[in-house]
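Enquirer: Based on what follows, work out the 3D shape:
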Amino acid sequence: MNLNIVDNFYSSDDFQYMTTASLLNTYQALWQPSNKSFVNRTNAYPCFETKPFLEKDKATQVFLKTFEQKTNFKIKNLHTFFRKIYSKELKNIFKYGIIPHQDEKKFNFAGIIHFNTFGLDDGTGIFSSHEENNFQIEPDIIIGAKPNRCFFYDSQIWHRPLQDINTEMRIVQPFFITLE
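Expert: Numbering: from 1, shown residues only. Model prediction:
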């Protein structure tokens with residue numbers, strides 16, 4: 001398994017900038033997985049997302065500089081944005097749980113940066129296997145949420161987001177990258 005954790009990912013100034021940007025950005029009500037149709041977005045994994053960052057955006061430049069500096073990886077393609085998740089919208093998720101998934105194969109890595117929550121229940125569950133009728137109920141590994149923690153992994157690793165029912169709102173920066 002290729003799992004990577006970088007605590008204190010952004011510098012203090014950059015983390016403050018990105019946090020402020022995450023709070024001031026415009027969000028659209030969406031759901032995950034976005035490629036599937038649902039009668040109501042709360043039947044999926046309801047969330048709010050900003051538009052993807054453009055190459056010229058300061059947030060993109062801050063991420064690219066920091067990621068390459070902290071990991072020594074060179075990024076060829078990047079898809080990133082901010083996402084908010086409200087616990088009050090997740091009553092179906094809390095009741096039934098979200099099914100583990102893999103991200104798009106076109107990316108080498110997927111990842112997340114946490115902005116405002118701290119704890120195992122707001123992190124990511126990692127699963128060693130998943131089959132059509134025989135999937136794991138509990139994750140093998142849980143990577144806890146921590147402000148300014150960057151967690152990234154092979155895009156084909158089975159995973160699912162976790163959410164603490166006591167957390168009102170979670171703000172994260174998902175990212176998907178292809179390396180040079």
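
Enquirer: can we go C-alpha only for contacts and neighbour counts from here?
Expert: Will do.

Enquirer: What ranges does this protein have for its strands?
Expert: With DSSP state E, the ranges of strands along the chain come out as 3-6, 28-32, 45-49, 75-80, 83-86, 109-114, 119-127, 141-145, 150-154, 158-161, 169-179.

Enquirer: just those strands: most buried one?
Expert: Here the criterion is mean neighbour count by mean count of other CA atoms under 10 Å, and of these the winner is strand 109-114, at a mean of 23.

Enquirer: Now do that strand: everything it contacts.
Expert: Outside strand 109-114, the residues that touch it by CA atoms under 8 Å, 6 or more residues apart in numbering are 103, 145-155, 171-178.

Enquirer: one more time with 7 Å
Expert: Contacts of strand 109-114 with the rest of the structure, by CA atoms under 7 Å, 6 or more residues apart in numbering, involve 145-155, 171-178.

Enquirer: Make JSON lines out of the strands of the chain and add mean pLDDT and distance to Phe67.
Expert: Compiled in JSON lines, these are given as follows (pLDDT from 0 to 100; distance: least, CA to CA, whole Å):
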{"stretch": "strand 3-6", "mean pLDDT": "96", "distance to Phe67": "9"}
{"stretch": "strand 28-32", "mean pLDDT": "88", "distance to Phe67": "25"}
{"stretch": "strand 45-49", "mean pLDDT": "90", "distance to Phe67": "21"}
{"stretch": "strand 75-80", "mean pLDDT": "97", "distance to Phe67": "9"}
{"stretch": "strand 83-86", "mean pLDDT": "94", "distance to Phe67": "19"}
{"stretch": "strand 109-114", "mean pLDDT": "97", "distance to Phe67": "11"}
{"stretch": "strand 119-127", "mean pLDDT": "92", "distance to Phe67": "20"}
{"stretch": "strand 141-145", "mean pLDDT": "95", "distance to Phe67": "18"}
{"stretch": "strand 150-154", "mean pLDDT": "97", "distance to Phe67": "9"}
{"stretch": "strand 158-161", "mean pLDDT": "90", "distance to Phe67": "22"}
{"stretch": "strand 169-179", "mean pLDDT": "96", "distance to Phe67": "11"}
